[in-house]
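K.L.:
Based on what follows, work out the 3D shape:
(one chain, ligands or ions: 1)
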Amino acid sequence: MMALVRQALRFALDPTSSQRRDLARHAGAARFAYNWGLEREQAALDARRAGDSTVPMPSAMGQHKEWNSWKKGKDGVPWWVEVSKCVPQEAFRDLERGMRAFWESRAGKRTGPRVHFPRFKKKGRCRDSFRLTGSIHLHDRAVTLPRIGTVRLLEDAARWVERIEEGCVRVTSATVSREADRWYVCLAVEAERAIPIRNGAGGTVGVDLGLLALATLSDGTVIPGPKALRRGLRQLRRLSRAHSRKTRGSRNRARAARRLARHHAKVAAIRRDHLHKLTTALAKTHGRIVVEDLNVKGMLGNRKLARVLSDSGFGEFRRQLSYKCRWYGSELVVADRWFPSSKTCSGCGTLKEELSLKERTYRCESCGLVLDRDLNAAINLAGWAHPAVTASAAETLTACGADRKPGPRLAGGCEAGTGIAPEPTGSIGGPQTRVAFVRV
Ligand SMILES: [Zn+2]
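P.N.:
This is a model prediction of the structure:
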């Protein structure tokens, strides 16, 4: 089956110093236009609050029209000739999106955290970025952007150039942004993609996201967080301490800030890369992937934990997984947020009333299951797709005589009282399964 999918291609740029100035000027123009538009939104809102309900809220199109006559006037900006006309237009579109999110959030028509009124962008305090539309051309080692011209890439884009020439991929816009001292271009493309018809082939896997390991799969695989990240965190602390010790406004402090920003960008890149590898592997090899609702952990009310959770890119994990599942024809299932995946025994279904975060091992009082906490949760998630089967998991619980091939055990050997934890869906696991428990 062929389908049109939206995708983003990101390349690091290698601009000349005059191009660098050009990029910075465009980012500055985008910021200026955004603030210009926001001022007008604010004024319209103030007028309406003062009782004049006839004042319309400006739209992106209206703002752009007004901008075009304003920029040439006596209060206007002389630099408008130097930047692409797309830049303010796209900034107004961003603003419109932000305003819509704000109104919808206020009206309760939007899920997720409350969206605040858009804020003014301050130089150095916001991300330098701008978006261009129109004629954008990708070459093997360069990209041609309207107004800016041809900028070299630090990476090879030949693979994509070929697909664009074949007509399978169409570039719709380019977002240019800066991270620390490096510029990137992110091309939004529409691509023809062959979606395999899978019908659940590859079986079901439950994924428990954690703090110690990045993810634990119901088949026993543990995916550690990237090592470079842990090392990176130590260095991050060192660099941020060094930064805060320098005198405010000093040249040393500016240098330390640059070093810190570069490090942040590097750590973010490592994390992104690691997540991409994990989500691609999951979506490619499984027919159905069950993950927990992220709010579950957020709801624990532990502030320190909440911060770590938002830092570890779980939201990004879900986002990547959801589009990759579409690409590879697999199904992403999000377990109900009230599903107690950690507190339920994956062996007999007994629910524990209390399970503190410190307890790394799940011990069931009823059936004697002893299992790594995260693995227990992952198995429960895998079973969540078929709740009826999970309910009868106790009956399918078998000891050594089971007609399945157990892999290496986590605990105990194949003696009396040792069994293989059930596979609630009957499809997870396989020869590599490392699921085992000990009856106490
Ligand atoms: Zn149990």
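K.L.:
For the rest of this, base every contact and every neighbour count on C-alpha atoms.
P.N.:
Fine.
K.L.:
May I have the secondary structure class of the residue of the stretch 51-200 of the chain found nearest the ion?
P.N.:
The stretch 51-200 of the chain approaches the ion most closely through Gly200 (28.4 Å), counting by Cα to the ion. Assigned state for Gly200: coil (three-state reduction, DSSP: H, G, I helix; E, B strand; the rest coil).
K.L.:
what's the closest non-adjacent residue to it?
P.N.:
Nearest residue to Gly200, sequence neighbours excluded (Cα to Cα, 6 or more residues apart in numbering): Gly287, at 4.0 Å.
K.L.:
Then Val83?
P.N.:
The nearest residue in space to Val83 (Cα to Cα, 6+ apart) is His26, at 5.9 Å.
K.L.:
For that neighbour, which residues are in contact?
P.N.:
By Cα atoms under 8 Å, 6 or more residues apart in numbering, the residues touching His26 are 83-84, 87, 130.
K.L.:
Now do the phi/psi pair for it.
P.N.:
phi -60, psi -40 (degrees, to the nearest 10).
K.L.:
what about stretch 355-373, near the ion?
P.N.:
Yes. Residues of stretch 355-373 are located near the ion by Cα under 5 Å from the ion, namely 364, 367.
K.L.:
so how far is that stretch off the chain centroid?
P.N.:
Mean-position distance between stretch 355-373 and its chain equals 31 Å (Cα atoms, centre = their mean, to the nearest Å).
K.L.:
got it, and stretch 53-66?
P.N.:
33 Å.
K.L.:
right, and the helix or strand after whichever strand or helix holds Lys284?
P.N.:
Using DSSP states H and E, Lys284 maps to helix 251-285. Next helix or strand after helix 251-285 toward the C-terminus (DSSP H and E): strand 288-291.
K.L.:
What segments of the stretch 251-400 of the chain are helices?
P.N.:
With DSSP state H, counting those that start in this stretch, the ranges of helices along the stretch 251-400 of the chain come out as 251-285, 295-298, 303-311, 314-328, 373-384, 387-391, 393-396.
K.L.:
So which of those helices is nearest Gly206?
P.N.:
When the helices of the stretch 251-400 of the chain are compared by Cα to Cα, helix 373-384 sits nearest Gly206, at 3.9 Å.
K.L.:
for the record, mean pLDDT for the closest one?
P.N.:
Computed over helix 373-384, the mean pLDDT rounds to 91.
K.L.:
what's the burial count for Pro224?
P.N.:
Other residues near Pro224 come to 14 when the count uses other Cα atoms under 10 Å.
K.L.:
thought it was touching Gly210?
P.N.:
No. Assessed by Cα atoms under 8 Å, Pro224 is found out of contact with Gly210, at 9.4 Å.
K.L.:
buried sites along stretch 164-182?
P.N.:
Using 16 or more other Cα atoms under 10 Å as the test for burial, stretch 164-182 gives 164, 169-171, 173-180.
K.L.:
Endpoints of it, how far apart?
P.N.:
Taking Cα to Cα, to the nearest Å, the first and last residues of stretch 164-182 lie 26 Å apart.
K.L.:
Can you give the contact residues for it?
P.N.:
Outside stretch 164-182, the residues touching it (Cα under 8 Å, 6+ apart) are 12-13, 23, 27, 127-134, 136, 145, 160, 163, 183-193, 258, 261-262, 265.
K.L.:
Narrow these to those in helices?
P.N.:
Among the contacts of stretch 164-182, the ones falling in helices (DSSP state H) are 23, 27, 160, 163, 258, 261-262, 265.
K.L.:
filter the buried residues of stretch 164-182 by proximity to the ion?
P.N.:
Answer for those near the ion: none qualify (Cα under 5 Å from the ion).
K.L.:
would you list the residues you listed in JSON lines and tack on pLDDT and distance to Arg363?
P.N.:
Formatted as JSON lines, these follow (pLDDT from 0 to 100; distance: Cα to Cα, whole Å):
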{"residue": "Ile164", "pLDDT": "91", "distance to Arg363": "55"}
{"residue": "Val169", "pLDDT": "90", "distance to Arg363": "52"}
{"residue": "Arg170", "pLDDT": "92", "distance to Arg363": "54"}
{"residue": "Val171", "pLDDT": "94", "distance to Arg363": "54"}
{"residue": "Ser173", "pLDDT": "96", "distance to Arg363": "54"}
{"residue": "Ala174", "pLDDT": "97", "distance to Arg363": "53"}
{"residue": "Thr175", "pLDDT": "97", "distance to Arg363": "51"}
{"residue": "Val176", "pLDDT": "97", "distance to Arg363": "52"}
{"residue": "Ser177", "pLDDT": "96", "distance to Arg363": "50"}
{"residue": "Arg178", "pLDDT": "94", "distance to Arg363": "49"}
{"residue": "Glu179", "pLDDT": "89", "distance to Arg363": "46"}
{"residue": "Ala180", "pLDDT": "86", "distance to Arg363": "47"}
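K.L.:
Could you check the pLDDT of whichever residue of the stretch 151-300 of the chain sits closest to the ion?
P.N.:
Ranking the residues of the stretch 151-300 of the chain by distance to the ion (Cα to the ion) places Ser218 first, at 16.5 Å. Note for Ser218: predicted pLDDT of 93.
K.L.:
So, low pLDDT: which residues of the stretch 301-440 of the chain?
P.N.:
301-313, 385-440 (pLDDT under 70).
K.L.:
Run a quick neighbour tally on the residue of the stretch 201-350 of the chain found nearest the ion.
P.N.:
Residue nearest to the ion within the stretch 201-350 of the chain: Cys348 (4.1 Å; Cα to the ion). Residues within reach of Cys348, counting by other Cα under 10 Å, total 22.
K.L.:
Please apply the same query to Phe32.
P.N.:
Applying other Cα under 10 Å, we find 18 residues neighbouring Phe32.
K.L.:
how much space between it and the ion?
P.N.:
61 Å (Cα to the ion, to the nearest Å).
K.L.:
returning to what we had before: mind putting the buried residues of stretch 164-182 into JSON lines with distance to Asp75?
P.N.:
Shown next, in JSON lines, are the buried residues of stretch 164-182 (distance: Cα to Cα, whole Å):
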{"residue": "Ile164", "distance to Asp75": "43"}
{"residue": "Val169", "distance to Asp75": "43"}
{"residue": "Arg170", "distance to Asp75": "39"}
{"residue": "Val171", "distance to Asp75": "36"}
{"residue": "Ser173", "distance to Asp75": "31"}
{"residue": "Ala174", "distance to Asp75": "30"}
{"residue": "Thr175", "distance to Asp75": "29"}
{"residue": "Val176", "distance to Asp75": "28"}
{"residue": "Ser177", "distance to Asp75": "29"}
{"residue": "Arg178", "distance to Asp75": "30"}
{"residue": "Glu179", "distance to Asp75": "33"}
{"residue": "Ala180", "distance to Asp75": "33"}
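K.L.:
Thanks a lot, catch you later.
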